[in-house]
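>>> can't give you the sequence, but here's the structure:
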């Protein structure tokens, strides 16, 4: 079954007035609520599909670099018999993925490199061109570069470059005001 209910968010700071996992619970709850009367009948909750919330923490401090956390519902039997079908209650999954701009992108991660390094490359934390990023994704990670994927990589690189330019301009304005 294909995943239909997924939310992906990118955050520049891990320091918020709320915990990301709590926000992830709210987001997956919304995704589940959307399924009522569209995917499921009021009397048939078995058709409820799993919902995912993925949080990319792109500017984490170096001590968090490479951290991946997941959260899900888990049965705890206090007495009696376990429920045999995990799929009946396992309906949400929240993941937080931490990368740091201080991580040298040419260095592979010790664990989960196949996920972490492409995230860094695609979200503009490498300072590399779209062409270089596509080559790394193809050669090192086996990505098949369809036209759609090539276009997506270029769009992500352009977005990242646009954000860098925009933030540099904001930084210059703030510097002038303070100067």
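Nice, thanks for sending it over. Here the structure is a predicted model, which means the values were calculated and not measured.
>>> Which residues are in contact with residue 115?
68, 97 (C-beta atoms under 8 Å, 6 or more residues apart in numbering). For glycine as for every other residue, the C-beta is placed from the backbone atoms N, C-alpha and C.
>>> And residue 67, how close does it get to residue 60?
7 Å (C-beta to C-beta, to the nearest Å).
>>> Counting neighbours around each, name which of these two comes out higher.
Remark: of residue 67 and residue 60, residue 60 carries more neighbours, 24 against 17, as counted by other C-beta atoms under 10 Å.
>>> Using the three-state scheme, assign that one.
coil (DSSP: H, G, I helix; E, B strand; the rest coil).
>>> Give me the neighbour count for the nearest residue to it once chain neighbours are set aside.
Nearest residue to residue 60, sequence neighbours excluded (C-beta to C-beta, 6 or more residues apart in numbering): residue 98, at 4.1 Å. Neighbour count for residue 98, taken as other C-beta under 10 Å: 22.
>>> what pairs with residue 98 across the strands?
Note on residue 98: beta-bridge partners by DSSP bridges are residue 57.
>>> Residue 92 too?
Residue 92 has these beta-bridge partners by DSSP bridges: residue 51.
>>> ok, now which ones touch it?
So residue 92 contacts 25, 28, 29, 32, 50, 51, 52, 53, 71, 72, 73 (C-beta under 8 Å, 6+ apart).
>>> Next, show the common contact partners of residue 67 and residue 60.
Common contacts of residue 67 and residue 60, defined by C-beta under 8 Å, 6+ apart, comprise residue 98.
>>> pLDDT weak spots in this structure?
Counting by pLDDT under 70, the chain shows low-confidence ranges at 1-3, 124-126, 157-175, 179.
>>> domains in it, as residue ranges please.
As given by automatic domain parsing, the domain ranges for the chain are 1-103, 104-179.
>>> Report the distance from stretch 101-119 to the chain centre.
Centroid separation between stretch 101-119 and its chain, computed with C-alpha atoms, centre = their mean, to the nearest Å, is 14 Å.
>>> ok, now stretch 119-136?
Stretch 119-136 has its C-alpha centroid displaced from the chain centroid by 17 Å (C-alpha atoms, centre = their mean).
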